[in-house]
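Chemist: fold the following and give me the result.
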Amino acid sequence: MGIMNDKVCVVTGGAGSVGHASAALLLQEGARVLLVGRTEDKLVRAAESLLAPPGYLDWVAADVSRTEDTLRYLDRAVASWGPIDVLFSHAGISGVLSPVTEFPEETFDAVIATNVRGSFLACKYGLPRMRDGGAIVITSSIMGVRADPGTCAYATSKHALIGLARVVAKEAAPRGIRVNVLAPGPIDNEFQSTIEARLTDIVGEDGTEFLNRVIPLGRHAQAEEIARMLLFLASEQSSFSTGSVFMADGGMNI
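Modeler: Numbering: from 1, shown residues only. All right, here's what the predicted structure looks like:
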């Protein structure tokens, strides 16, 4: 018996490293997990690599910024297993690094659509499909509590998610549904590598080494470390925490 035994969990951004690691840990603890992602073949590969008992894992390809897609993945979870216990809104994109005066408007809109609208829709339509006493976890970032030049879209979106979570936490509290923010720092994964390739061009040195010097613990996180924070927030281990931002940044925001 795991601490998430037979809990119904939805994980957006489920094909990426953190989504995959979180799904693996939830399954290990007995949960039923629906993976959601934009690209079908990546979802299939992610699902095939996870160890799950029959009937405990499913996936849906969806654009989280679209209402109809949001309804489709949420209704799939409910139709398969019943009311949702945990909604992990993790899907996100980074955009580009560029001064605000040169920032492409279409890129800004795309980042806001996926990162902010995606979580808004998940909460709007997810809450009526959730069991009382459940948990919503929204992924922000170290960039939700600080700012760097060139990150106007990403930083704006990640700051906005903290505001969204705090509002929803107050609205959902009468049902015993907790809403918290998971804010990772740099993670050793493909998503971060793309960012650091752009950072290398800006700072004139290896972007990964540059970041490791400003992280007090001196390294990037592993996806499994972020997943363990997700498990804490999704489970009864955090039963009296809501509306809070939980940093997983190696001390970067000290």
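Chemist: correct me if wrong: residue 246 contacts residue 233.
Modeler: Yes: under the criterion of C-beta atoms under 8 Å, residue 246 makes contact with residue 233 at 6.4 Å. All C-beta atoms are positioned from the backbone trio N, CA, C, and that covers glycine.
Chemist: in terms of neighbours, single out the busier of the two.
Modeler: For residue 246 versus residue 233, neighbours defined as other C-beta atoms under 10 Å are more numerous around residue 233 (23 against 18).
Chemist: contacting residues for the more buried one?
Modeler: Contacts for residue 233 (C-beta atoms under 8 Å, 6 or more residues apart in numbering) come out as 135, 137, 178, 180, 182, 241, 246.
Chemist: with secondary structure added, can I get the residues you listed in JSON lines?
Modeler: Shown next, in JSON lines, are the contacts of residue 233 (DSSP: H, G, I helix; E, B strand; the rest coil):
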{"residue": "135", "secondary structure": "strand"}
{"residue": "137", "secondary structure": "strand"}
{"residue": "178", "secondary structure": "strand"}
{"residue": "180", "secondary structure": "strand"}
{"residue": "182", "secondary structure": "strand"}
{"residue": "241", "secondary structure": "coil"}
{"residue": "246", "secondary structure": "strand"}
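Chemist: please check those and keep the buried ones.
Modeler: Neighbour counting by 16 or more other C-beta atoms under 10 Å classes 135, 137, 178, 180, 182, 246 among the contacts of residue 233 as buried.
Chemist: for residue 41, the count of nearby residues, please.
Modeler: Residue 41 has 10 nearby residues by other C-beta under 10 Å.
Chemist: buried stuff in stretch 49-56?
Modeler: For stretch 49-56, by 16+ other C-beta under 10 Å, it's 50, 52, 56.
Chemist: residue farthest from the centroid of the protein?
Modeler: The centre of the chain is farthest from one residue, residue 204, which by C-alpha atoms, centre = their mean lies 30.2 Å away.
Chemist: how close does it get to residue 214?
Modeler: Applying C-beta to C-beta, to the nearest Å, the value for residue 204 to residue 214 is 15 Å.
Chemist: follow-up on the earlier one: what residues are shared contacts of residue 246 and residue 233?
Modeler: Residues within reach of residue 246 and of residue 233 at once, by C-beta under 8 Å, 6+ apart, are 180, 182.
Chemist: one step back: I'd like the buried residues of stretch 49-56 as a markdown table, with distance to residue 164, pLDDT and secondary structure appended.
Modeler: Shown next, in a markdown table, are these (distance: C-beta to C-beta, whole Å; pLDDT from 0 to 100; DSSP: H, G, I helix; E, B strand; the rest coil):
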| residue | distance to residue 164 | pLDDT | secondary structure |
| --- | --- | --- | --- |
| 50 | 29 | 97 | coil |
| 52 | 31 | 95 | coil |
| 56 | 30 | 98 | coil |
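Chemist: closest to residue 220 out of those residues?
Modeler: Using C-beta to C-beta, residue 50 is the member of the buried residues of stretch 49-56 that lies nearest residue 220, at 23.2 Å.
Chemist: now the contacts of residue 233 in a markdown table, with distance to residue 80?
Modeler: Formatted as a markdown table, these follow (distance: C-beta to C-beta, whole Å):
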| residue | distance to residue 80 |
| --- | --- |
| 135 | 19 |
| 137 | 21 |
| 178 | 24 |
| 180 | 25 |
| 182 | 25 |
| 241 | 29 |
| 246 | 29 |
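Chemist: list just the nearest of those residues to residue 107.
Modeler: Taking C-beta to C-beta as the measure, residue 182 is the one of the contacts of residue 233 closest to residue 107, at 24.4 Å.
Chemist: what residues does that closest one make contact with?
Modeler: Neighbouring residues of residue 182 by C-beta under 8 Å, 6+ apart: 137, 138, 139, 140, 226, 229, 230, 233, 246, 248.
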